[in-house]
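Novice: A structural model of the following input is requested.
(2 chains)
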Amino acid sequence: SQTIHQWPATLVQPVGSPLSLECTVEGTSNPNLYWYRQAAGRGLQLLFYSVGIGQISSEVPQNLSASRPQDRQFILSSKKLLLSDSGFYLCAWSVWYRRLGELFFGEGSRLTVL
Amino acid sequence: AQTVTQSQPEMSVQEAETVTLSCTYDTSESNYYLFWYKQPPSRQMILVIRQEAYKQQNATENRFSVNFQKAAKSFSLKISDSQLGDTAMYFCAFMKPNAKHGTASKLTFGTGTRLQVTL
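Specialist: Next comes the predicted model:
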């Protein structure tokens, strides 16, 4: 069966510090991978998606970047965090042979920037 | 750009009762997909139900059903015989069909409705 893991689950970082959130998927090959941010009262906002190793598409201009060094690994990064980067970050995956539009989400990473 | 609006930030329903969550969307597309996702407290978000716009028949999944009104751009979720385990944040989402098979599923989500099921 397929599983998805995100870490760390909780992170408190000072403004200006770097960030690295990791996501790995197990039990499937060539998944599409996504990073969403969930902010209170604002729903889920798609930040990045990837259809293959090294292929990253950005949906929203921002202070963050994403990388996909391996088929089932997706990393969200920042060189210098801003207060506005605080939020709940969700990684998700999808594959073509499942129901179209069905995303499988991780447990999420809560980031607080102070 | 597509927008998805959920006008009910919070709702409450008693166990065994029926509740309807509202969702409206705005698009110029004629073919698309609509979804309801459920995010239980401290648990992973999962897909509840999916509707394809070209299908007139409303989708159903056990106790969950939708009322899809394409002309009104409305997509409500009805939960029958509510259970305590239905307590969650519910998100409505929209997706345009992919141009190519296997490309990414880019969903636009609403702001969510927090549903509390009480005894």
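
Novice: pull out the CA atoms of stretch A:51-66 and give them to me as PDB.
Specialist: Output in PDB follows, covering the C-alpha atoms of stretch A:51-66 (Å, rounded to 0.1, in the frame of the first residue of the first chain):
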ATOM      1  CA  VAL A  51       5.500  15.700 -12.400                       C
ATOM      2  CA  GLY A  52       9.100  14.200 -12.300                       C
ATOM      3  CA  ILE A  53      12.600  14.400 -10.900                       C
ATOM      4  CA  GLY A  54      13.900  17.900 -11.100                       C
ATOM      5  CA  GLN A  55      10.700  19.200 -12.600                       C
ATOM      6  CA  ILE A  56       9.200  21.900 -10.400                       C
ATOM      7  CA  SER A  57       6.300  24.200 -11.200                       C
ATOM      8  CA  SER A  58       5.500  27.200  -9.000                       C
ATOM      9  CA  GLU A  59       2.000  28.400  -8.700                       C
ATOM     10  CA  VAL A  60       2.500  31.500  -6.500                       C
ATOM     11  CA  PRO A  61       5.500  33.800  -6.400                       C
ATOM     12  CA  GLN A  62       6.900  33.700  -2.900                       C
ATOM     13  CA  ASN A  63       9.800  33.300  -0.600                       C
ATOM     14  CA  LEU A  64       9.800  29.500  -0.900                       C
ATOM     15  CA  SER A  65      11.300  27.000  -3.300                       C
ATOM     16  CA  ALA A  66      10.800  23.300  -3.900                       C
END
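
Novice: other residues contacting that stretch?
Specialist: With C-beta atoms under 8 Å, 6 or more residues apart in numbering or on different chains as the test, stretch A:51-66 has contacts from A:19, A:30, A:32, A:35, A:45-50, A:67-71, A:74-78, A:80-82, A:84-85, B:102-104, B:106. Just so you know, the C-beta spots here come from the backbone N, C-alpha and C atoms, and that holds for glycine as well.

Novice: among these, which lie within strands?
Specialist: Members of those lying in strands (criterion: DSSP state E): A:19, A:32, A:35, A:45-50, A:67-70, A:74-78.

Novice: separate out the buried members of the residues you listed.
Specialist: A:19, A:32, A:35, A:45-50, A:67-68, A:74-76, A:78 (16 or more other C-beta atoms under 10 Å in any protein chain shown).
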